[in-house]
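[1] My questions are about this predicted structure, shown below with the sequence.
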Amino acid sequence: MSTVADATDSDLIAAAWDLGPLLDGEGPEGVETRLSEALERSQAFAARYAGKLGELDSAGLGEAMNELAAIFELVSRAGHYASLRFSTDTAEPANGALLQLVQERETAIQTTLLFFDLEWAALSDEFAEQLLAGEGLDFCAHHLRTVRRYREHLLSEPEEKILAEKSLSGASAWTRLFEELTSAIEVKLAPQGREGEAGEVQSLALDVALSRLSDPDRDVRRQTAEAVSSALAPGLRTRAFLFNTLLADKATDDRLRGYPHWLAARNLANEASDESVAALISAVRGRYEIARRWYRLKAQLLGVEQLADYDRMASVTEDQVTYAFADAREIVLDCYSSFSAELGTLARRFFDEHRIDAPIRPAKRGGAFCASAVPAVFPYVLLNYTSRRRDVLTLAHELGHGVHFALAARQGIFHQQTPLTLAETASVFGETIVFGRLLEEDSTPASRLALLAENLEDTIATVFRQVAMNSFEDLVHTNRREHGELSVERFGELWAQSQSEMLGDSVAVTEGYRSWWSYIPHFIGSPGYVYAYAYGQLLALSVYERYQQTGSELVPRYLQMLAAGGSRSPEELAQIVGIDLTDPGFWESGLDLVERQLEQAEQAAQAAGRV
């Protein structure tokens, strides 16, 4: 059931999370308590084990890792509380101060424990494997093997301590500043429905303004894009300086650690070879014509000769379907429960236990995410819910992350999370199930066309746009290292270059769009992150195709894969559901699935009499 959801949507207004369970209801004081305990235990741990890892047997290693797990849980509880509190109000000084306290104490704990990874990585392969062959180490074995993969990139203990301590006033400080600056951006626009009237304007959060780019009225979209560009302009030089500084910081870090290129560290963290990532990126760039083909069709559907960048997310029908938050909740929960009763029960806990913060508020961080918390505490989801149909799918997406974290909690703190390359599997899978339900319930050709278009555009954004953004990152990291600091204009040129490569002649890139790189958080806090979206989307589509082929037979294997968390390599995890990530043709077969989505949309356009 769809309905208009607005400021009177009481369920949405009430959807705020309860962070109490993270600190047993102690509030900010509990942050200090847990960090102090973690530091004391870290110092005791160092006194007991520093310089002695080579003397341990398997039982001794297990005892040490259990103590590390307890320390990490204390730190993670405090850190998640501070970061989640900050994300809902980045303008509150007390929230920023608490986050800074956590970062400073975390660094002190990190430097105290640095010796462990360095000594562990320095052990011989034979001795390390001998230790890991002992009983009771499954909860940390894959993690410890992963640590050893960094061997050639680790520095001496004094050097590692210096880098860790300096990061407080370096990368982490710049990342926090970026979040504060972008959360404060306000877009000046006329109230919805009165865009053509002179005079009255209102200040909107960036996420709210961007949601207007799906409006069927082209004038609204154009005015919105112009207003967003205007809102981005005042702080553009500051954000460019900030980005330049982080680019230089990463170049220095990569040089000191001996990484051969800017993406190497991210690939290592993702447990993906340089070759496999290059193959993914090359395959997607080689199929950019899929995105262009859709945009040319969309131009016909919208009755324009060529799309502009602000037209890409436009609704292809006049019908603006919106969903109250309660309706979105019931749709998503029913879909999850129909697939698996266990997943449905887990998903419902997010609502029943107040683990979702959904309304848009001033100074709230934009976008959406799911935080794993710690294995002993159920995860949290942040949304900026604007009542669009796409927001229903975003809710399904983030709950996919949530049920993944919840199932994997049994693996413990070392293995609860997967590498980024598999992190999107459950989220995209859940989103696809909900999309299927929405499509089933849409009987009119026009409405089905609109839904298929939205789904295809989400896929294009996740696969092709994210790879185009990876290309932008490659350009800025490379240019910064070869030519020095980049001007605002140069950032805009490289952004336009990477976007135009994907769009070709199907979309005109406007002058104002050249600054839109400057609000994207992944470039700042997680360099190299974005290609994992394409990786995860293509993998999830392949898993969903298996589900369509085999039905309920896949469900237990899918749940087994999620419950394994990060306890195995990506290749081993994918094998559980019958996917071979080592197959050279895997990416092309995944892109074939995307092309089939395009063909469905083309057929729907014909059925609706629109082309």
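    That came in fine, so what should we check first? Here the structure is a predicted model, which is why all the values come from computation and not from measurement.

[2] just for the stretch 1-150 of the chain, where's the confidence low?
    For the stretch 1-150 of the chain, applying pLDDT under 70 flags the ranges 1-8.

[3] same question but for the chain, I mixed them up
    Filtered on pLDDT under 70, the chain yields the residue ranges 1-8, 193-199, 319.

[4] Pick out the residue closest to the middle of the chain.
    Phe369 (6.4 Å; Cα atoms, centre = their mean).

[5] Name all residues that make contact with that one.
    Applying Cβ atoms under 8 Å, 6 or more residues apart in numbering to Phe369 gives the contacts Val381, Leu382, Glu398, His401. C-beta coordinates here come from the backbone N, C-alpha and C atoms, glycine included.

[6] Out of those residues, which comes closest to Glu602?
    Nearest to Glu602 among the contacts of Phe369 is Glu398, at 30.1 Å by Cβ to Cβ.

[7] Which strand or helix spans that closest one?
    In this assignment (DSSP states H and E), Glu398 forms part of helix 389-408.

[8] Centre of the chain to that helix, how far?
    Helix 389-408 sits 12 Å away from the centroid of its parent chain (Cα atoms, centre = their mean, to the nearest Å).

[9] Stretch 360-367: how far from the chain's middle?
    Remark: stretch 360-367 is offset 16 Å from the chain centroid, using Cα atoms, centre = their mean.

[10] Mind listing what's buried along that stretch?
    For stretch 360-367, the neighbour count (16 or more other Cβ atoms under 10 Å) marks Ile360, Ala363, Lys364, Arg365, Gly366, Gly367 as buried.

[11] Show me which pair in these is furthest apart.
    Greatest spacing in the buried residues of stretch 360-367, by Cβ to Cβ: Ala363 and Gly367 (14.0 Å).

[12] which residue ranges form the strands in the stretch 351-500 of the chain?
    Listed in chain order, the strands of the stretch 351-500 of the chain (DSSP state E, counting those that start in this stretch) span 356-357, 369-371, 380-382.

[13] closest one to Phe178 among the ones you listed?
    Closest to Phe178 of the strands of the stretch 351-500 of the chain, according to Cβ to Cβ: strand 369-371, at 15.5 Å.

[14] where does the closest one sit relative to the chain's centre, distance-wise?
    For strand 369-371, the distance to the chain centre is 8 Å (Cα atoms, centre = their mean).

[15] same deal with stretch 208-217?
    With Cα atoms, centre = their mean as the basis, stretch 208-217 stands 22 Å off its chain's centre.

[16] circling back: ok, the contacts of Phe369 vs Leu39, which is closest?
    Leu39 lies nearest to Leu382 out of those, by Cβ to Cβ, at 28.8 Å.

[17] which residues touch that closest one?
    Neighbour list for Leu382: 17, 84, 87-88, 356-357, 365, 367-371, 398 [criterion: Cβ under 8 Å, 6+ apart].

[18] show me where the chain has strands.
    All strands of the chain, identified by DSSP state E, fall at 186-189, 202-205, 307-308, 356-357, 369-371, 380-382, 507-508.

[19] Output the contacting helices and strands for the last one.
    Spelled out, that is strand 507-508. strand 307-308 (3 or more Cβ pairs under 8 Å, 6 or more residues apart in numbering; DSSP states H and E).

[20] Now do the contacts for the residue lying closest to Ile331 once chain neighbours are set aside.
    Closest residue in space to Ile331, ignoring its immediate chain neighbours: Val392 at 6.1 Å, by Cβ to Cβ, 6 or more residues apart in numbering. Val392 makes contacts with Tyr323, Ala328, Ile331, Val332, Val434, Leu438, as judged by Cβ under 8 Å, 6+ apart.
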